[in-house]
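>>> quick one: sequence plus predicted model below, questions after.
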Amino acid sequence: MKDFIRNYKKDILIMTGLLTAAIAAFFIVPVIYGTGGDMAGVYMDGKLYASYDLKDSQRYHIPVGDEYNEVLIEHGKVRVSSSSCKNQVCVNHAPISKNGESIICLPHKLVIRIENKKESGLDGIAE
């Protein structure tokens, strides 16, 4: 009986710890990632290719050798509207607008990440 009580206490401690961590994550994650970003940083092979202001509704053609990605910015959100890659995961990804969110096209080694202009130091197009 004593072993049962000891194990039960450990289970309660573990469950309390997990519940506390979940509640903390519920409040901390929106603080970190919940704010809207100003810019969409476009990275190719880990290097900044360009940065686009999310206030400008625009379509951008990004060549990747003989292939391409079309990036569409409208209503403060960015998405990949078309791509010549085979799997189309980037095209099927939901539009992003919050700081820290990203869309990745692995075949083209392309990453689009939402950033704040103040934090990133991005201003205009960098090529």
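Structure received. Residues are numbered from 1 along each chain as shown.
>>> ok, the closest residue to residue 56 other than its chain neighbours - contacts?
Spatial nearest neighbour of residue 56, chain neighbours left out: residue 73 (6.3 Å); criterion: CB to CB, 6 or more residues apart in numbering. Quick note: C-beta positions are derived from backbone N, CA and C, even for glycine. Residues near residue 73 by CB atoms under 8 Å, 6 or more residues apart in numbering: 40, 52, 54, 56, 57, 58, 59, 60.
>>> look up how far residue 68 lies from the third one.
As for residue 54, its distance to residue 68 is 21 Å (criterion: CB to CB, to the nearest Å).
>>> and if you look at residue 37?
Applying CB to CB, the value for residue 37 to residue 68 is 24 Å.
>>> and those two? Which one has more around it.
residue 37 (23 against 14; other CB atoms under 10 Å).
>>> and the residue nearest to that one when sequence neighbours are not counted, what are its bridge partners?
Sequence neighbours aside, residue 114 is the residue nearest to residue 37 in space, at 3.7 Å (criterion: CB to CB, 6+ apart). Counting by DSSP bridges, residue 114 is bridged to residue 40.
>>> likewise for residue 73?
Beta-bridge pairing for residue 73 (DSSP bridges): residue 58, residue 78.
>>> I'd like to know how far it sits from residue 28.
For residue 73, the distance to residue 28 equals 29 Å [CB to CB].
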